[in-house]
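**Student:** heads up, no residue letters with this:
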DNA sequence: AACGTTGAAATAGTTC
DNA sequence: GAACTATTTCAACGTT
C-alpha cells in the first residue's frame, strides 16, 4: 500500500482499526454493566450502595482503615469531633 | 440464602458478581488496547498522532448524528416538525 | 433588530450573552476553588480527605447515618459482615 | 488553635471555609443562569435551541485551539517542529 | 416527583 | 513526579 514519508499506511490503518474494534467491545461491556445496574435498581436495590460495595471489595482492609483514621484526625483538627484524651489513645 | 432486613443476599451477590466479571473483561480489553499502542510505538509510529486520528474518526461519525439532531431541533422550533411525544420517539 | 418567524434576534442575543457572561464568572470561581485546593495540597493537606469533609458538612447527620446503615445491611446480606443476632439489634 | 497529630486545625479550617464561600458564590451563579433560561422560556424561547446555540459557540471557540494544536502535533511528527522539552512548554 | 439522559467535575491511571 | 488521558462520579435538566 501507500508509503508516505516513510510511514506505512497499511500498518497504520491496521493499528487504528484494531483499536477501534477493541474500543467497540469495551463500550459494549460498559453498556452491559449499565444494564445490570439498571436491572438491580428495577428490583429495588440502591445502586449507590452497590457501587460503594464494589469499591470496598477492590480495596484491602488496611487501606480503608487508613482513610478512616485520617478523616478522623482532620475532623478533630477543625473541631468536628471532640479531641481524644490520652486515655483513649 | 440470607435475607437481611428485606434485602435478598442471593440477588445482591449475583448482581455484584456479574458486574465484577464484566469489569474484568473490560479491563482486559483496556490492556489489549494499551498493547496495540505499545506495539505501534515500537514500530515507530507516533501514538499522539494515532490518538488524534482516532479522535477525528469518532468525531466525524458523531457529527453526522449531531447535524441531524440539530436540524430536527431547529425544524421543531419553527413548526416544520410536530412536537415529540412518546409515539414518535 | 431582526425578527425571523416571530423570533426576536435582539432578545435572543441578549439572553445568550447574559448566560455566557454568567458562565464565565462561574468558571472563574471553579478555577479559584481549584487554586485553594492546590495551595492546601502544597502545604501538606490531603485534598481527598478535605473533599470528604466538605461533603459531610453539606449533609445533615441523619442522612449520613441512613447511608451507613444501608451499607451495613447490604454487606450483611452478602456475607461481608456477620449477621446480627437479636440481642444486638 | 488546635493541632491534632500534626494537622493544623487553623489552616485546615481556613481552607475549608474559603472553599465553602467560593462554592456558595458558584451556586448563586448557577441559580442566576437558571433564572435567565426560565425568563427566556417565559418569553417564548425554546431553551433546547438556546442550549444548542451556546454549545455551538463554545465549540467554535475551542475548535480554533484544537486546529492549532493538531497542526503542531502533525508538524512535530514530520520534523517541521522540534520535540517539546520543558523549556518550550 | 422519579426516571433516564446529558454535561461537567473529579479521580485514577498512564505516560514521559 | 508532572502532565495528560480516561473513567467514574455528580449534578442538572427535561420528561413521564
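**Tutor:** Noted; the coordinates are in hand. Worth saying up front: this structure is predicted, and the values here are computed from it rather than measured.

**Student:** tell me what the helix or strand encompassing residue A:21 is packed against?
**Tutor:** Taking DSSP states H and E as the criterion, residue A:21 maps to helix A:9-42. Helix A:9-42 sits against helix A:47-58, helix B:9-42, helix B:47-77, with contacts defined as 3 or more CB pairs under 8 Å, 6 or more residues apart in numbering or on different chains; DSSP states H and E. For glycine as for every other residue, the C-beta is placed from the backbone atoms N, C-alpha and C.

**Student:** Could you check the pLDDT of the residue nearest the centre of chain A?
**Tutor:** When chain A is reduced to its mean C-alpha position, the closest residue under CA atoms, centre = their mean turns out to be residue A:55, at 7.3 Å. At residue A:55, the predicted lDDT confidence score is 90.

**Student:** Tell me which residues touch it, please.
**Tutor:** Contact partners of residue A:55, counting by CB atoms under 8 Å, 6 or more residues apart in numbering or on different chains, are absent.

**Student:** switch to 10 Å and redo it
**Tutor:** Residues near residue A:55 by CB atoms under 10 Å, 6 or more residues apart in numbering or on different chains: residue A:64.

**Student:** Against residue C:36, how distant is it?
**Tutor:** To residue C:36, residue A:55 is 27 Å away according to CB to CB, to the nearest Å.

**Student:** same question, residue A:40
**Tutor:** Counting by CB to CB - residue A:40 and residue C:36 are separated by 38 Å.

**Student:** Please apply the same query to residue A:83.
**Tutor:** 26 Å.

**Student:** For those two, indicate the residue with more neighbours.
**Tutor:** Under the criterion of other CB atoms under 10 Å in any protein chain shown, the comparison of residue A:83 against residue C:36 puts residue C:36 first, with 18 against 11.

**Student:** Check the spacing between the more buried one and residue D:26 real quick.
**Tutor:** Taking CB to CB, one finds residue C:36 at 12 Å from residue D:26.

**Student:** pLDDT score for the residue of chain A found nearest DNA strand F?
**Tutor:** As assessed by CB to the nearest atom of the strand, DNA strand F sits closest to residue A:51 within chain A, at 4.8 Å. pLDDT for residue A:51: 94.

**Student:** what number of residues lie near it?
**Tutor:** 12.

**Student:** again with residue A:74
**Tutor:** With other CB under 10 Å as criterion, residue A:74 counts 23.

**Student:** Contact partners for it?
**Tutor:** For residue A:74, counting by CB under 10 Å, 6+ apart, the contacting residues are A:80-81, C:45-46, C:49-50, C:52-53, D:4-5, D:7, D:9, D:12, D:16.

**Student:** pLDDT below threshold where in chain A?
**Tutor:** Within chain A, the stretches with pLDDT under 70 are A:1, A:4-7, A:86-89.

**Student:** give me the residue from it nearest chain D.
**Tutor:** With CB to the nearest CB as the measure, residue A:77 is the residue of chain A nearest to chain D, at 3.8 Å.

**Student:** what about that residue, how many neighbours?
**Tutor:** Neighbours of residue A:77 using other CB under 10 Å come to 25.

**Student:** Check residue A:3 too.
**Tutor:** With other CB under 10 Å as criterion, residue A:3 counts 10.

**Student:** What are the phi and psi values at residue A:81?
**Tutor:** phi -130, psi 150 (degrees, to the nearest 10).

**Student:** Over to residue A:78?
**Tutor:** Per degrees, to the nearest 10, the backbone of residue A:78 is at phi -110, psi 10.

**Student:** about what we covered before: which of the contacts of residue A:74 tops the neighbour count?
**Tutor:** residue D:12 (24 neighbours).

**Student:** For that residue, give its distance to residue C:53.
**Tutor:** 8 Å.

**Student:** And residue A:49, by the same measure?
**Tutor:** 21 Å.

**Student:** Let me know the angle separating the helix holding residue A:21 from helix B:47-77.
**Tutor:** 50 degrees (axes from the mean of the first three to the mean of the last three CA atoms, to 10 degrees).

**Student:** quick one: helix A:9-42 to chain centroid distance?
**Tutor:** 17 Å (CA atoms, centre = their mean, to the nearest Å).

**Student:** Identify each buried residue in it, please.
**Tutor:** Of the residues in helix A:9-42, A:11-12, A:15-16, A:18-19, A:22-23, A:26, A:29, A:32-33, A:36-37, A:40 count as buried by neighbour count, 16 or more other CB atoms under 10 Å in any protein chain shown.

**Student:** which of those residues sit farthest apart?
**Tutor:** Taking CB to CB as the measure, the buried residues of helix A:9-42 span a maximum distance of 44.1 Å, between A:11 and A:40.

**Student:** just checking, residue A:29 touches residue B:18?
**Tutor:** No: under the criterion of CB atoms under 10 Å, residue A:29 is not in contact with residue B:18, lying 11.6 Å apart.

**Student:** I'd like to know how far residue A:85 sits from residue A:76.
**Tutor:** 12 Å.

**Student:** Please consider this matter closed, and thank you.
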